[in-house]
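Asker: below is the sequence, then the predicted model.
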Amino acid sequence: MTAALTAETDRIRAAEIHLHGPYPGPRHPDDLRVVFVSPYGHAYSLLATGPMALHDLVNRRTDVPATAERALAYDCLTGDGNQLHTPGSEPYRTIENPAPVHQADVVGLSVTNAGDLHSVLRLLDLAGIPRRSTERTTGRHPLVVGGSGGLANPEPMADFLDVVALGEAERSFLDLLRLVHQLRGAPRAVLLEQAARIPGLYVPSLYEHTLLPGGGTAAIRPRSLTVPTAVHPQFLAPGEVGAAHFASPISDGSCALVIANLGCRHSCHMCTLGTPPFRNAPIEQLTAYIDTLEQHRIRKIVISSPTFTQYRHRDELLERIAAYADRADEPVSVIIGSVRADEVTPGYLDAVARLDPGHLFTELSLDAPRGVLTIAPEFADADLVRIFGKTMDETKVGRALDLCRTRSHFGTVMLYFMVGAPGESEQDRLAIADYALRVYRRLGRPDGAVIVKIQQFMPKPGTVSQRLPMADPDLVDGWVTAIRERLAALAGPDHDRFRVLWGEHSRLLLEAVCDRGDRRVGHALETLHDAGTDFTHLTKAQLGQALARHGITFEHHLRTMDTDLLPWHTVDTVPADQERALAAALRARTAAVVPA
């Protein structure tokens, strides 16, 4: 009888379609074995652009001495708290290779959200790889490389990851593979010290941190003169971006992903989307990709750009998809993840109206027309919108709603708001309900609906707001309840046309410490992991006890980060004058709203 894990990987390989063509082969027998380990199941892992683009690039470049494979959170795995186990104690393997993952030369771990950093521990345990970098030895254990947005502050995972790739890793990761191949058999210390010289690669073990009581960092010193004092994210020039960065290279036969543009033309103070340079995908590449999807009868297309309305060739791309949908004998669904209301035009709405649009959020099941316009005012108060560098004022939102009102296809508006920002008052939060009602009335249709998606303000590393204080996540539940109740009272008999959505409390607790923490936070996560904690139902008491065991407090991470050095100082690129200007504007607003 075929083992369950082998049977599942056989099914995955049989279903997969390589949309950019086959990989060249055969490869050299001396090639490195690189494994990208994903915390997601098969379908979702194919939409993880970063690791999938690197996997495709490694296998497509004959000048790179490596072959890449993938290992997933397979359906046949069993769970126990934060632990995952293979059925029948089978070795954890990749889709492409029955050899155990722990026999790889390099393992890549991508973490998209800081609240999921604990998945690094789970995946290392599952693969049978020692968690701590210091416990791994050359020739016996793989080099473990982390990347993606969840590691914007890499310090919580500093003792668990050998290398962190910052920004877009297509250059730095390939250079690392060449180095690993060149130094095969060399002492691990030699490899790590030379890896630290590659632009965009941060090697945490080569930096000594002097830690403060309760949390924070007093001093950071490179351990040798050859180690750089600063490591900055690397981003690709337009001509360097590979095809797999703009369009998913592999499909399961049902869905494919298009990223029409990278970066955002706006740089809001609490957002990381404007950090990479703005780049458009070549339209010829994307239209050819749509033709390939039609050949393979792939019916679901996800357009997941930071803001699709900024794509220079959006009308041409939508026209190509619409032509495919017109020819198809079954519906072709298009899911557009994000647009800016102030960039919506009549032509854009008309083009989308020809399609069968969906939305990334399954909560949108109201009996309203399926066209969804996503708008992110972030704050209901115009002054907060201005202070945080947002350009989405209510006048621009109104213009977009007026356009939607003239087109019967669009009947649902999704509004993103933040609560808990410094300078925010109770009236500012409750004004979210008033804003949602004004949007509904401006939309002007009895079958319309408004979804209010509320998120807590989190000062993110790498943004101008990174030093600001944050609210205790325990308060947010009450704030959301008050907004929901006010909206119901204001809407009266139309209350069923509104929905207020609120996120995961446990994840917010983890984000609060993982976004801003030092190396001790990772040790606290390890303590929780070893105790069998289910991180999806983590309480503040559990987290607080684990933090206390390592000399830090939860409250420290909520405060203003007013020390000279941030824990992530080595990788920080935010201008200090911008941070000071934002903090001063918020202090002035608070003083004006609540006089001393």
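Answerer: Done, it's in.

Asker: so, low pLDDT: which residues of the stretch 251-400 of the chain?
Answerer: 274, 338-339, 356-371 (pLDDT under 70).

Asker: all helices of it, in order?
Answerer: 283-295, 314-327, 346-353, 382-387, 394-405 (DSSP state H, counting those that start in this stretch).

Asker: for the ones you listed, could you give me JSON lines that also reports distance to residue 520 and mean neighbour count?
Answerer: Using the backbone N, CA and C atoms, a C-beta is placed for each residue, glycine as well. Formatted as JSON lines, these follow (distance: least, Cβ to Cβ, whole Å; neighbours: other Cβ atoms under 10 Å):
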{"stretch": "helix 283-295", "distance to residue 520": "45", "mean neighbour count": "17"}
{"stretch": "helix 314-327", "distance to residue 520": "46", "mean neighbour count": "18"}
{"stretch": "helix 346-353", "distance to residue 520": "48", "mean neighbour count": "16"}
{"stretch": "helix 382-387", "distance to residue 520": "33", "mean neighbour count": "17"}
{"stretch": "helix 394-405", "distance to residue 520": "43", "mean neighbour count": "18"}
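
Asker: for the ones you listed, which one sits closest to residue 243?
Answerer: helix 283-295 (6.0 Å; Cβ to Cβ).

Asker: which residues does residue 100 contact?
Answerer: 91-93, 127-128 (Cβ atoms under 8 Å, 6 or more residues apart in numbering).

Asker: please apply the same query to residue 69.
Answerer: Counting by Cβ under 8 Å, 6+ apart, residue 69 has contacts 33-36, 55, 94-97, 104.

Asker: columns distance to residue 508 on top of the helices of the stretch 251-400 of the chain, output as CSV?
Answerer: What follows is these, written out as CSV (distance: least, Cβ to Cβ, whole Å):
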stretch, distance to residue 508
helix 283-295, 36
helix 314-327, 34
helix 346-353, 33
helix 382-387, 20
helix 394-405, 27
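
Asker: relative to residue 500, which of those is closest?
Answerer: helix 394-405 (18.0 Å).

Asker: contact partners of that closest one?
Answerer: Contacts of helix 394-405 (Cβ under 8 Å, 6+ apart): 341-342, 344-346, 349, 371, 373, 375, 377, 382, 410-411, 413, 435, 438-439, 442-445.

Asker: same thing but 10 Å
Answerer: 309, 339-346, 348-350, 369, 371, 373, 375-377, 380, 382, 385, 392, 410-413, 415, 435, 438-445, 448 (Cβ atoms under 10 Å, 6 or more residues apart in numbering).

Asker: picking up where we left off before, output the contacts of residue 100 as a markdown table; include the columns pLDDT, secondary structure and distance to residue 292.
Answerer: What follows is the contacts of residue 100, written out as a markdown table (pLDDT from 0 to 100; DSSP: H, G, I helix; E, B strand; the rest coil; distance: Cβ to Cβ, whole Å):
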| residue | pLDDT | secondary structure | distance to residue 292 |
| --- | --- | --- | --- |
| 91 | 93 | coil | 35 |
| 92 | 96 | coil | 32 |
| 93 | 96 | strand | 29 |
| 127 | 96 | helix | 33 |
| 128 | 95 | coil | 38 |
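
Asker: which one among the residues you listed gets closest to residue 108?
Answerer: So of these, ranked by how close each gets to residue 108 (Cβ to Cβ), first place is residue 127, at 11.7 Å.

Asker: need the contact list for the spatially most central residue of the chain.
Answerer: Closest to where the C-alpha atoms of the chain average out (Cα atoms, centre = their mean) is residue 112, at 3.6 Å. Taking Cβ under 10 Å, 6+ apart, we find residue 112 in contact with 39-40, 48-50, 119, 147-151.

Asker: the closest residue in space to residue 282 that isn't next to it in sequence and residue 52: what is the separation?
Answerer: Spatially, and ignoring its direct neighbours in sequence, residue 282 is nearest to residue 246 (7.9 Å; Cβ to Cβ, 6 or more residues apart in numbering). Applying Cβ to Cβ, to the nearest Å, the value for residue 246 to residue 52 is 12 Å.
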